[in-house]
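Undergrad: with the sequence up front, the predicted model follows.
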Amino acid sequence: MKLQLTRPLVFFDLETTGVNIATDRIVELSYCKLFPNGSSEAKTLRIKPTMMEGGQEVQMPIPEGASEVHGIYDADVANCPTFREIASDLAHTLEGCDLAGYNSNHFDVPLLAEEFARTNVSIDLKRMKLIDAFTIFTKNEPRNLTAAYQFYCGKNLEDAHSANADTMATMEVLMAQLERYDIPTTVDELAEYTQGKQKFADFAGRIYYDEQGCECFNFGKYKGLKVSDVFRRDTGYYGWLINGDFPQYTKTVFTRIYLSSK
């Protein structure tokens with residue numbers, strides 16, 4: 001195996017109620033945990049998506065369009081545990097690991113961070129190295145996962161859009177990419193390669209670090225300005241952000257900066 005590991009690398013994929021990081025939920029999570037010694041363990045979890053209604057946590061309906069994509073319907077998850085119920089065990093599984101996925105830096109990781117943010121389980125995904133096989137693919141052979149699997153592995157992807165099939169295909173694609181291209185083979189260097197030079201303080205890309213390491217807005221009327229400076233000058237802007245339709249993790253970062261800027 002060409003991939004050089006110093007700690008476990010967890011390949012994972014999510015099936016969800018939709019593509020809005022801030023409001024949609026996970027209905028299936030599949031992972032394959034690859035250890036430095038070459039051994040692995042895999043698991044697929046069905047999860048009942050929930051939302052708050054009348055002060056209570058109730059099942060969130062899965063939109064028909066989403067179900068048509070991944071084949072998971074409300075009845076399939078009605079008796080499954082909620083994310084809150086599996087959060088502690090999942091955090092334990094991910095502890096001390098790095099993460100890998102397909103388009104995961106833009107969707108799966110941010111949405112996973114949102115789900116954890118709604119629980120009282122503490123996990124810092126920012127401490128993990130994040131590898132995105134999609135980024136490697138688009139830098140070399142721009143296609144989707146099905147085409148990537150065919151191109152790199154010479155196989156047709158059966159059960160596409162099921163979390164387990166996509167997870168295992170992603171792992172095979174990355175291994176094939178390592179053999180085909182002259183790209184880094186350590187997790188640290190691969191994470192750097194797939195994430196690019198621009199670093200963000202949040203997963204949604206709303207707050208970036210400038211060359212001095214200061215958090216700056218990446219959107220809106222204050223784009224390019226330091227977040228802490230804006231909060232000192234325009235205290236009402238923080239309130240607008242917290243009440244706005246931003247991902248919870250992004251709001252958490254805003255709050256941290258706001259409190260430190262006072």
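TA: Received it, and whenever you're ready, just let me know what you need. Numbers count the residues shown, from 1 in each chain.

Undergrad: you'd agree Val121 is up against His92?
TA: No. Using C-beta atoms under 8 Å as the test, Val121 is too far from His92 to be in contact (9.4 Å). Where you see a C-beta, it was placed from the backbone N, CA and C, and this is true even at glycine.

Undergrad: and the two? Which one has more around it.
TA: Val121 (17 against 11; other C-beta atoms under 10 Å).

Undergrad: kindly provide the distance from the nearest residue to that one once chain neighbours are set aside to Arg7.
TA: Closest residue in space to Val121, ignoring its immediate chain neighbours: Ala87 at 4.1 Å, by C-beta to C-beta, 6 or more residues apart in numbering. Distance, Ala87 to Arg7, using C-beta to C-beta, to the nearest Å: 21 Å.

Undergrad: between those two, tell me which one has more neighbours.
TA: For Ala87 versus Arg7, the count of surrounding residues by other C-beta under 10 Å is larger for Ala87: 19 against 12.

Undergrad: for the more buried one, what are its contacts?
TA: Glu115, Phe116, Thr119, Val121 (C-beta atoms under 8 Å, 6 or more residues apart in numbering).

Undergrad: and the first one, helix, strand or coil?
TA: With DSSP: H, G, I helix; E, B strand; the rest coil as the basis, the three-state label of Glu115 is helix.

Undergrad: give me the neighbour count for the residue nearest to it when sequence neighbours are not counted.
TA: Nearest non-adjacent residue to Glu115, counting by C-beta to C-beta, 6+ apart: Phe83, 4.8 Å away. Applying other C-beta under 10 Å, we find 23 residues neighbouring Phe83.

Undergrad: what's near enough to touch Phe83?
TA: Shown in contact with Phe83 (C-beta under 8 Å, 6+ apart): Arg25, Ile26, Ile47, Pro49, Thr50, Glu115, Arg118, Thr119.

Undergrad: the fourth one against Asp74, yeah?
TA: Pointing back at Pro49 there. No. Between Pro49 and Asp74 there is no contact under C-beta under 8 Å: 9.1 Å.

Undergrad: neighbour-wise, which of those two wins?
TA: Legend: neighbour count by other C-beta under 10 Å for Pro49 and Asp74, higher for Pro49 (23 against 15).

Undergrad: and that one, how far from Ala75?
TA: Distance from Pro49 to Ala75, counting by C-beta to C-beta: 13 Å.
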